[in-house]
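>>> Curious how this folds, go ahead:
(chains A and B)
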Amino acid sequence: MAGATGPAASPPPAIPGGDASPDGDADPECVAPPSGDADPAGVAPPGGDARPHGDARPDGDSPHDDGRAESARRAVEAVWRIDSARIVGALARFTRDFALAEDVAQEAVTEALVAWAHGGVPRDPAGWLLTTARRRAIDSFRRRAALDERYARLARDLAEGKASSGARIPPAMSAESMPATSTSAAATFPAERGSSDGELPWDPDRVDDDVLALMFVACHPVLAPQARVALTLRVVGGLTSEEIARAFLVSTSTIQARITRAKKTIAAAGVPFALPPAEDRPARLGAVLSVLYVIFTEGSTATCGDDLLRADLAFEAIRLLRMLTALLPGEPEVQGLLALCELTAARFPARTGPDGEAVLLADQDRRRWDRAAIHRGLAALDRSSGAGRGLGPYGLQAAIAACHARAPSVAATDWEHVVLLYEALGRIAPSPVVELNRAVAVAMASGPLPALTIVDALAAGGKLDGSHLLPSVRGELLARLGRTTQARAELELAARRCGNGRERAVLLRKAARLTDGKAGPLTDGEQTDGRSLDRGHD
Amino acid sequence: MPKFMLIMRNTDESLKRMMETPFEEMLDKVGRFNEEMITAGILLAAEGLDDPSQGVVVDYEGETPLVTDGPYGETKELFGGFYLVQVASKDEAVEWARRMPTIPGAKCEIRRVPGIDEFPQDNEWVIRERAWRERTGQL
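Numbering: from 1, shown residues only, chains lettered A, B, ... in the order given. You can find the predicted model right below:
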């Protein structure tokens, strides 16, 4: 029901009251004491620039200043999260240079940390960031203009507001009225901007295309997969490098280096900031989806490390997919991937036990599944199949997840339908992992023997050598057939190959139970809730 | 992801100004804002309330509850409606609130909405409520 993608028709709340406090009036909720993780280096003003206020620096000793700096940092992060894609998208369009757009956007963010700590958060913070970044871009063009007449022309066009963006530039914002060194201008700026009133700083007719183009560029095939992920989360998702680093358990400098390299690669390859031409569109959309899928699985594979943070990462992927479905509502695979992620995330609350251990699909308390997420997932799946172009690989995986979501228990699952869906998936996106999953479904639908035939054929093909998945499924099937000794050997082999400590413990426990002579069905379903077996076709 | 409620608080004055705003204009502004939240994938629910003069107040001050017609108290702060959003932080909720179409005099209060997981899970009533939430998709 009231899903986040729910009906737009809900009555508008009796008119919202708005922000009654004047700009810069600190909201008491906003100025919570710094939580200890405040990064003083991050809020220090760049250089010893003169500011009009002449009051204390935000990195001063006074707790009041610390509070304001902290409050500014949190406001900047919140705005960046909501608007980064539109800001960088609009900038990339008027500079025709993605790397420069990202650079100047980051510079604007850095300036905001200082200016907002002094003058408070402006009435239109996104417009402030965009204007400041645009001014930085003009500075950059002017510097280059010394070398090249083309840049001089671009700088003039931008300053006169003739850039291709079509975004409104109020007279007070035009570069000519601003000092070239912009921190001081930025600090005086907020009060001048009285125009907001619900109006957007970007061109509403173009912003969707800009955000979409941004997604395509951030996921461009010239980039290494890890770079696509980092860039997408930073410019489209609006996460900070620190947040991305925490989510992927690497250092912040690693993420920053990845993003810097990625921008250089895009510039060197001459990737234009534009929607891909029609003939490239399906492949390029596939690249975007696969990045979002990687972000989601990275977030949902969390059984070690900081579970909570990584569930947040999975939610980021869902948020970005909701944005993408709003931009491309008619693309069945976008809806399909959204459905798959919603349906998989629906199981998160049931997926770990009290001590953080993994709980298999078969053993999950289905009452803990998130019904609202299931509802949203099923709705997205309906839209995917409603497009009338058949289900793609993501749509089919979502359809499989939907079979589980609809079933009250493992036993009551429509396994025959699951088998059919895996067969279809195997036809359009063949992979040994899909084949193995099909075997599991066959075991549930028709018993272990026909499933073992499939698994043995896979083993003979040698494609899953080295993976723990094949011996763990084979061990399970053998156990059900009563071939205890063989089963134990397979499960122990699987445990040796398994890299994840918690999963290894589960396998060893199963093997040990066989030793005790308790042969027979161990659990009704082998699938480890999508994380390893359902990993799929990518 | 935490949930927050954005609670609209009107005053006599802001209500009066709202009534003076042409309905189409109001619908357009609020609609645009709602659409932004929907597109951003963060809006879970939103409702607005009818004219407070049509409301009723039940007062528990005395031994028997006292029922009076009309708005609550001095009408300095009238609850006007709410948005329920799911966002990464309180700051993000605040930033959304800052963007609302404004009527001078009105206020918006932002409060976190605790999840059912935060209550004792072995309590019978919590178990029942959880079941209801599961049935109706409001977990």
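>>> got the buried residues for stretch A:382-393?
A:Arg383, A:Ser384, A:Ser385, A:Ala387, A:Leu391, A:Gly392, A:Pro393 (16 or more other CB atoms under 10 Å in any protein chain shown). Where you see a C-beta, it was placed from the backbone N, CA and C, and this is true even at glycine.
>>> Would you convert those into CSV that also reports pLDDT, distance to A:Asp210 and secondary structure?
Listed next are the buried residues of stretch A:382-393 as CSV, based on pLDDT from 0 to 100; distance: CB to CB, whole Å; DSSP: H, G, I helix; E, B strand; the rest coil:
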residue, pLDDT, distance to A:Asp210, secondary structure
A:Arg383, 93, 24, helix
A:Ser384, 95, 26, helix
A:Ser385, 92, 30, helix
A:Ala387, 84, 25, coil
A:Leu391, 93, 30, coil
A:Gly392, 94, 26, coil
A:Pro393, 95, 29, helix
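>>> gap between the residue of chain B found nearest chain A and B:Asn10?
The nearest approach of chain B to chain A comes at B:Ala106, 2.1 Å away (CB to the nearest CB). Per CB to CB, to the nearest Å, B:Ala106 is found 5 Å from B:Asn10.
>>> Compare neighbour counts for the two and give me the winner.
B:Asn10 (28 against 25; other CB atoms under 10 Å in any protein chain shown).
>>> For the more buried one, grab phi and psi.
Backbone torsions for B:Asn10, taken as degrees, to the nearest 10, come to phi -100, psi 170.
>>> Would you agree it is in contact with B:Pro71?
No: in this structure, B:Asn10 is not within contact of B:Pro71 by CB atoms under 8 Å, at 10.0 Å.
>>> Tell me the bridge partners for the spatially most central residue of chain B.
In chain B, the C-alpha nearest the mean C-alpha coordinate belongs to B:Phe82, at 2.0 Å (CA atoms, centre = their mean). On the basis of DSSP bridges, B:Phe82 is bridged to B:Ile7, B:Glu47.
>>> doesn't B:Arg9 make contact with it?
No: using CB under 8 Å, B:Phe82 is not in contact with B:Arg9; the gap is 10.3 Å.
>>> Now look at stretch A:366-377 and say if it contacts chain B.
Yes: counting by CB under 8 Å from any CB of the partner chain, contacts between stretch A:366-377 and chain B involve A:Arg367, A:Trp369, A:Asp370, A:Arg371, A:Ala372, A:Ile374, A:His375.
>>> Would you list the phi and psi of B:Glu109?
Dihedral angles for B:Glu109 - degrees, to the nearest 10 - are phi -100, psi 140.
>>> Tell me how many other residues surround it.
For B:Glu109, using other CB under 10 Å, the count is 15.
>>> pLDDT score for it?
On the pLDDT scale, B:Glu109 is placed at 94.
>>> wait, is A:Val222 part of a helix?
No: judged by DSSP: H, G, I helix; E, B strand; the rest coil, A:Val222 forms no part of a helix; its state is coil.
>>> so who does it touch?
A:Thr265, A:Ile266, A:Ala269, A:Val271 (CB atoms under 8 Å, 6 or more residues apart in numbering or on different chains).
>>> ok, is the longest helix seen in chain B in contact with chain A or not?
Counting residues, the longest helix in chain B under DSSP state H turns out to be helix B:23-39. Yes: Helix B:23-39 lies within reach of chain A by CB under 8 Å from any CB, at B:Met26, B:Leu27, B:Lys29, B:Val30, B:Gly31, B:Arg32, B:Phe33, B:Asn34, B:Glu35, B:Ile38, B:Thr39.
>>> Show the buried residues in the residues of stretch A:366-377 next to chain B.
A:Trp369, A:Asp370, A:Arg371, A:Ala372, A:Ile374, A:His375.
>>> now those residues in JSON lines, with secondary structure?
Putting these into JSON lines (three-state DSSP) gives the following:
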{"residue": "A:Trp369", "secondary structure": "coil"}
{"residue": "A:Asp370", "secondary structure": "coil"}
{"residue": "A:Arg371", "secondary structure": "helix"}
{"residue": "A:Ala372", "secondary structure": "helix"}
{"residue": "A:Ile374", "secondary structure": "helix"}
{"residue": "A:His375", "secondary structure": "helix"}
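>>> in the chain, which spans are strands?
Chain wasn't specified; assuming chain A. Using DSSP state E, no strands are found in chain A.
>>> wrong one, chain B
B:3-10, B:43-48, B:56-59, B:66-69, B:78-86, B:107-113.
>>> avg pLDDT for the first one?
Same thing as strand B:3-10. Here the average pLDDT along strand B:3-10 is 92.
>>> joint contacts of B:Asn10 and B:Pro71?
B:Pro52, B:Leu78.
>>> And A:Val235, how far from A:Val229?
12 Å.
>>> now swap in B:Val94 and tell me
Computed as CB to CB, the B:Val94 to A:Val229 distance reads 29 Å.
>>> The two: which has the busier surroundings?
The neighbour comparison of B:Val94 against A:Val229 (other CB under 10 Å) goes to A:Val229, with 26 against 22.
>>> which ones are touching the more buried one?
A:Val229 touches A:Phe248, A:Val291, A:Val294, A:Ile295, A:Glu298, counting by CB under 8 Å, 6+ apart.
>>> Ok, A:Leu313 next?
Per CB under 8 Å, 6+ apart, neighbours of A:Leu313: A:Ala247, A:Ile295, A:Phe296, A:Glu298, A:Gly299.
>>> Go again with 10 Å.
A:Leu313 sits next to A:233, A:237, A:239, A:243-244, A:246-248, A:295-302 when contact means CB atoms under 10 Å, 6 or more residues apart in numbering or on different chains.
>>> what does A:Val418 give?
For A:Val418, the contacting residues are A:399-401, A:403-404, A:407, A:437-438, A:440-442, A:444-445, A:527, by CB under 10 Å, 6+ apart.
>>> for the residues you listed, which one is nearest A:Pro125?
A:Ala401 (38.6 Å; CB to CB).
>>> I figured that closest one hits A:Leu337, correct?
No: with contacts counted by CB atoms under 10 Å, A:Ala401 stays clear of A:Leu337, the gap being 11.3 Å.
>>> For the two, indicate the residue with more neighbours.
The residue with more neighbours, out of A:Ala401 and A:Leu337, is A:Leu337; 30 against 27, by other CB under 10 Å.
>>> Assess the claim that the more buried one and A:Thr325 are in contact.
Yes: counting by CB under 10 Å, A:Leu337 touches A:Thr325, with 9.0 Å between them.
>>> shared neighbours, the two?
The contact lists of A:Leu337 and A:Thr325 share A:Glu331, A:Ala380, A:Ser384, where a contact means CB under 10 Å, 6+ apart.
>>> Would you mind stating the distance between A:Leu458 and A:Glu342?
In this structure, A:Leu458 and A:Glu342 are 30 Å apart, going by CB to CB.
>>> Of these two, give the one with the bigger neighbour count.
A:Glu342 (28 against 21).
>>> Verify the stated contact: A:Arg93 with A:Leu275.
No: at 11.3 Å, A:Arg93 does not count as touching A:Leu275 under the criterion of CB under 10 Å.
>>> Common neighbours of these two, please.
Common contacts of A:Arg93 and A:Leu275 (CB under 10 Å, 6+ apart): A:Asp209, A:Asp210, A:Ala213.
>>> count of neighbours near the spatially closest residue to A:Arg480 that is not a sequence neighbour?
Nearest in space to A:Arg480, with sequence neighbours left out and distances taken as CB to CB, 6 or more residues apart in numbering or on different chains, is A:Pro448 at 4.3 Å. Around A:Pro448 there are 21 other residues, counting by other CB under 10 Å.
>>> Could you do the one 5 residues further on as well?
Neighbour count of A:Thr453, defined by other CB under 10 Å: 13.
>>> Distance-wise, check it relative to B:Leu84.
According to CB to CB, A:Thr453 and B:Leu84 sit 52 Å apart.
>>> Then A:Pro393?
34 Å.
>>> Below-threshold pLDDT in chain A: ranges please.
Counting by pLDDT under 70, chain A shows low-confidence ranges at A:1-63, A:158-202, A:204, A:302-309, A:515-538.
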